[in-house]
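> no letters, just coordinates:
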């Protein structure tokens, strides 16, 4: 909105020309999202507390760490509402709303936020940890993945080829299977972030690091000079996605203000599913889907630990971890919650730096 209102005034006063620059608008989006998140946080937390929309901790589900988590019972959840509101409002203010990639990612985060909201709402109404069925939740995510895949399949700027890290001449064309691959990326990212959301500040801190990394990569992919220099796919218009990623970082930092240990609010599925899926959409738009495995390494490890645990118990009747996901296993090994969170953040930062380095190592 600000871009469309103020940038045309550059002919009247040259200073408005600054709205032309993505870097300036990305910084503005990040600060705006942070301030909106800080402003909305106390209001949303009070409303959630008033309506008793709090976390339910069931002893039979977390019996190994119940003494460590029982004090979290009743903590307001669904705080992801003000994360998404901050991101969306900030993007509406600072982004180019005629950009199809911005519109696609805003629709995606809203859709997945709605799926997560319904899941959280049913959990609260039933007063347990069961929300909508897994099949229904997956259906909502898969439908979005298919729609995004179809849109990108027919986007002349994107195509169906995969960008392979470390290789500049290796080409893999997925053809029609690109839709399935895109769906897998979006659904996988959405659920991986949701599984990681189990300790105060863990998921939102890692999401912010990943979003910052993809913001930088979006800017590079949308800049023909940087893209040609680094031998990566130049995709016109995707630089605008750095504004969305910057808004995600700002909103995430604002939420972390209230979610840091001991948390005053949890994001719930409304936040986790939407943020993870949005990162997957951004990765697909800039052709950095495979790199998401590295950038979001924490999410991959957390999700993989759950898959290993389930498979091991199903086929061997034995558990690999004391409890899955991995962060709960470490808790049961005696690690403090804050130590786990900070160390996972450190790993996420190292993986982000390594991922950025791969842009040159080709």
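Okay, I see it. Predicted, not measured: the structure shown is a model, and the values here were computed from it. Numbers count the residues shown, from 1 in each chain.

> how far away is the closest residue to residue 22 other than its chain neighbours from residue 152?
Leaving aside its sequence neighbours, residue 22 sits nearest to residue 239 (CB to CB, 6 or more residues apart in numbering; 5.2 Å). Where you see a C-beta, it was placed from the backbone N, CA and C, and this is true even at glycine. Distance check for residue 239 against residue 152: by CB to CB, to the nearest Å, it reads 17 Å.

> kindly report the same for residue 230.
Residue 230 is 22 Å from residue 152, where distance means CB to CB.

> ok, residue 208 next?
Here the criterion is CB to CB. By it, residue 208 lies 25 Å from residue 152.

> and if you look at residue 122?
From residue 122 to residue 152 the distance is 32 Å (CB to CB).

> so for the two, which sits in the more crowded spot?
Ranked by neighbour count (other CB atoms under 10 Å), residue 122 and residue 152 place residue 152 first, with 21 against 15.

> that one sits in which helix or strand?
helix 134-153 (DSSP states H and E).

> what packs against that helix?
helix 100-126, helix 178-196, helix 268-285 (3 or more CB pairs under 8 Å, 6 or more residues apart in numbering; DSSP states H and E).

> give the other helices and strands that the first one contacts.
In other words, helix 100-126. On a contact count with 3+ CB pairs under 8 Å, 6+ apart, helix 100-126 meets helix 80-94, helix 134-153, helix 241-259, helix 268-285.

> so of those, which one's packed in deepest?
helix 268-285 (a mean of 29; mean count of other CB atoms under 10 Å).

> how big is the angle separating it from helix 241-259?
Orientation check (axes from the mean of the first three to the mean of the last three CA atoms, to 10 degrees): helix 268-285 against helix 241-259 gives 160 degrees.

> so which residues make contact with the helix or strand just after helix 268-285?
Where DSSP H and E defines the elements, the next helix or strand beyond helix 268-285 is helix 292-295. Residues outside helix 292-295 that contact it (CB atoms under 8 Å, 6 or more residues apart in numbering): 165, 185, 189, 210, 213-214, 279-280, 283, 288, 300, 351-352, 354-355, 358.

> low-confidence ranges, this protein, go.
Low-confidence regions of the chain, defined by pLDDT under 70, span residues 55-71, 127-130.

> pull the longest helix from it.
helix 22-50 (DSSP state H).

> what's near enough to touch the residue nearest to residue 22?
Counted by CB under 8 Å, 6+ apart, residue 239 has contacts 22, 218-219, 221-223.

> could these go into a markdown table alongside neighbour count?
A markdown table is the format used below for the contacts of residue 239 (neighbours: other CB atoms under 10 Å):
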| residue | neighbour count |
| --- | --- |
| 22 | 23 |
| 218 | 29 |
| 219 | 22 |
| 221 | 28 |
| 222 | 23 |
| 223 | 18 |
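
> which ones among those residues are found in strands?
Within the contacts of residue 239, no residue falls in strands by DSSP state E.

> which two among those residues are spaced furthest apart?
The most widely separated members of these are 22 and 221, with 11.8 Å between them, by CB to CB.

> how about stretch 170-189: buried residues?
178-179, 181-183, 185-189 (16 or more other CB atoms under 10 Å).

> reformat those residues as JSON lines; add distance to residue 136.
Converted to JSON lines, the buried residues of stretch 170-189 look like this (distance: CB to CB, whole Å):
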{"residue": "178", "distance to residue 136": "26"}
{"residue": "179", "distance to residue 136": "21"}
{"residue": "181", "distance to residue 136": "23"}
{"residue": "182", "distance to residue 136": "21"}
{"residue": "183", "distance to residue 136": "16"}
{"residue": "185", "distance to residue 136": "21"}
{"residue": "186", "distance to residue 136": "17"}
{"residue": "187", "distance to residue 136": "13"}
{"residue": "188", "distance to residue 136": "18"}
{"residue": "189", "distance to residue 136": "19"}
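
> which among these gets closest to residue 307?
residue 188 (10.9 Å).

> you'd agree that closest one is up against residue 303?
Yes - taking CB atoms under 8 Å as the definition, residue 188 is a contact partner of residue 303 at 7.3 Å.
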